[in-house]
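Asker: got a structure for you, letters missing:
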């Protein structure tokens, strides 16, 4: 029925929540009478009732659509299957005829209809594993779902949607390498799915495998035209707009997704983040409260609440969220790494490093090696910007030994460039470009930043500025990888460094001011704190001593109880002393 663009299936979460409101267990079997009451309470139109019974060696399948308000029979079908292996084919025939009986046009059915054994799998055992995977994902999260999706894909190696489930679960756990591999397999099988699923698989492929975000946008826009009632398409389109830094468009699509399904936890999380990135912190907080009013419990929302709490200066709330995550696989590591950046934002580098180590160990214990490597690279980037090149290189080598995937290599190349190893960084950048020729974020955000860092290290800042021109469209977007709550704004930081080295102080200050103006986007990224110092340096270069002192004071206030041995802090104090 989901193949039809005219049918909107009530989400299973909505059904479970309605059952609880009715005083029933959320997993109670839906009898026709209970289903009708759920239908009425949710303002739905009809209940689809299915039955199956054995008749000797055959099976008899029944389908009927009932108006849940009047009890009138809207449509009915009964078919027989000669054997168990033919049940899906028989069900496919019955549902196709039923769609026509309830009013869908023949032309629509011909366009949006694929037999079930082709659109899903001819293996009932594989279908069962896939269904258990979806249930586990809803109730327990991605970690619990992976074994079921993997089993489904092993039972039927042509089961495209099993690979989709597996890929998305890996992506949600930060295992983007494994996620991309599964999505690529699904894309190869896309001719075996419905039109609705083909749109989804193609969009996932463009997003997570080739990285062609503009193509992903085009695919989702076509999908929303065909399936305007499908909330996940609007939610995913909003997410791509966020990657591109088009947050107003992202908000509009995500609001529409929540209008269609007010119980979607990921959409709530995305909307919270988009509001925060637009500096609309009160609306971000209100969105979280709205999610709580729907009794939605999701680790992603706790991560977003952490970000809001940081932006509000609510240290007690950030601590509560870290404590909440303790012992939760796939969640604890994220919050620990978030907290490490918060500590680093205030110059508490030793504490930050300890939290990063704990995040790495937590991810490793959950068998999430790529996530562990990314948390270690997050620490390495921080060390490089704070001036500890040796520690940054050590962290990078450790991360690459854990997982040498594309996202880890991106951050590794950046750290090598910022730590003075421009030759190694150049080779890594060239390889990244060779392997990712179509990737929007790699070629429009990360490679310009890496190559600019290389040119700055080689004292050719004019070339660095030329390289960074291609990043103008994407620098406000969410970079992939993005190991933090907020965006890095890394191209702007590199551009500021290049302008400083060229003594173009006004332009340098304007680049670093972006970190102040986009506080919600920067969030707890340590670059947000360092931007104050860099503005001070730019003002000092201009000879504006008063403004320079004020900017240095802003930085030193943020780092008032920072670890005293951080190289960039020592430099800042020495520079500030000369302004007195």
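Answerer: Perfect, thanks for sending it. What you see is a predicted model, and the numbers here were worked out from it, not measured in a lab.
Asker: Past the helix or strand harbouring residue 200, which element shows up next along the chain?
Answerer: Under the criterion of DSSP states H and E, residue 200 resides in helix 195-208. The first helix or strand that comes after helix 195-208 along the chain, using DSSP H and E, is helix 213-226.
Asker: Buried residues in that following helix, which are they?
Answerer: For helix 213-226, burial by neighbour count (16 or more other Cβ atoms under 10 Å) applies to 213, 215-217, 219-220, 223-224. Bear in mind the C-beta positions are built from the backbone N, C-alpha and C, glycine included.
Asker: returning to what we had before: so for the helix holding residue 200, what's the average pLDDT?
Answerer: The average pLDDT within helix 195-208 is 90.
Asker: Pull out the buried positions in that helix.
Answerer: For helix 195-208, by 16+ other Cβ under 10 Å, it's 195-208.
Asker: Sort out which one of the residues you listed lies nearest residue 534 for me.
Answerer: Using Cβ to Cβ, residue 207 comes nearest to residue 534 of these, at 33.3 Å.
Asker: Contacts only, for that closest one.
Answerer: Residue 207 makes contact with 213, 216, 236, 240, 243, according to Cβ atoms under 8 Å, 6 or more residues apart in numbering.
Asker: State the distance from it to residue 265.
Answerer: Noted for residue 207: a distance of 19 Å to residue 265, by Cβ to Cβ, to the nearest Å.
Asker: can you check residue 313 too?
Answerer: Residue 313 is 26 Å from residue 265, where distance means Cβ to Cβ.
Asker: Ok, residue 240 next?
Answerer: In terms of Cβ to Cβ, residue 240 sits 19 Å off from residue 265.
Asker: quick one, which of these two is more surrounded?
Answerer: The residue with more neighbours, out of residue 240 and residue 265, is residue 240; 25 against 17, by other Cβ atoms under 10 Å.
Asker: outside of stretch 501-508, which residues touch it?
Answerer: Under the criterion Cβ under 8 Å, 6+ apart, residues 456, 459, 461-462, 465, 496-497, 499-500, 534, 537-539, 541-542 lie in contact with stretch 501-508.
Asker: got the end-to-end distance for it?
Answerer: This stretch, stretch 501-508, spans 9 Å end to end (Cα to Cα, to the nearest Å).
Asker: In contact with the residue nearest in space to the middle of the chain, which residues?
Answerer: By Cα atoms, centre = their mean, the mean C-alpha position of the chain lies nearest to residue 172, the distance being 6.8 Å. Contact analysis of residue 172 by Cβ under 8 Å, 6+ apart lists 141-142, 330.
Asker: If we use 6 Å, what do you get?
Answerer: Contact partners of residue 172, counting by Cβ atoms under 6 Å, 6 or more residues apart in numbering, are residue 142.
Asker: what do you get for residue 343?
Answerer: When contacts are counted by Cβ under 6 Å, 6+ apart, residue 343 touches 351-352.
Asker: I'd guess it is in a helix, am I close?
Answerer: Yes. Assessed by DSSP: H, G, I helix; E, B strand; the rest coil, residue 343 belongs to a helix.
Asker: Run through the protein and note the low-pLDDT ranges.
Answerer: Residues of the chain meeting the criterion pLDDT under 70: 3-6, 13, 104-120, 483-487.
Asker: Would you map out the domains in it?
Answerer: The record's domain parsing of the chain by automatic domain parsing lists 1-113, 308-579.
Asker: among those domains, which is nearest residue 191?
Answerer: Ranking these by proximity to residue 191 (Cβ to Cβ) places domain 1-113 first, at 14.6 Å.
Asker: secondary structure element for the closest residue to residue 340 other than its chain neighbours?
Answerer: Here the nearest residue to residue 340 in space, its sequence neighbours aside, is residue 355; by Cβ to Cβ, 6 or more residues apart in numbering that works out to 3.7 Å. Using DSSP H and E, the element containing residue 355 is helix 349-365.
Asker: just checking, what packs against that helix?
Answerer: On a contact count with 3 or more Cβ pairs under 6 Å, 6 or more residues apart in numbering; DSSP states H and E, helix 349-365 meets helix 332-345, helix 369-386.
Asker: Residues contacting that helix, please?
Answerer: 332-333, 336-337, 339-340, 343-344, 371-372, 375-376, 379, 563, 566.
Asker: go again using 7 Å as the cut-off
Answerer: Counting by Cβ atoms under 7 Å, 6 or more residues apart in numbering, helix 349-365 makes contact with 332-333, 336-337, 339-340, 343-344, 371-372, 375-376, 378-379, 382, 386, 563, 566, all of which sit outside it.
Asker: So which of the contacts of stretch 501-508 are in helices?
Answerer: 456, 461-462, 465, 496-497, 499-500, 534, 537-539, 541-542 (DSSP state H).
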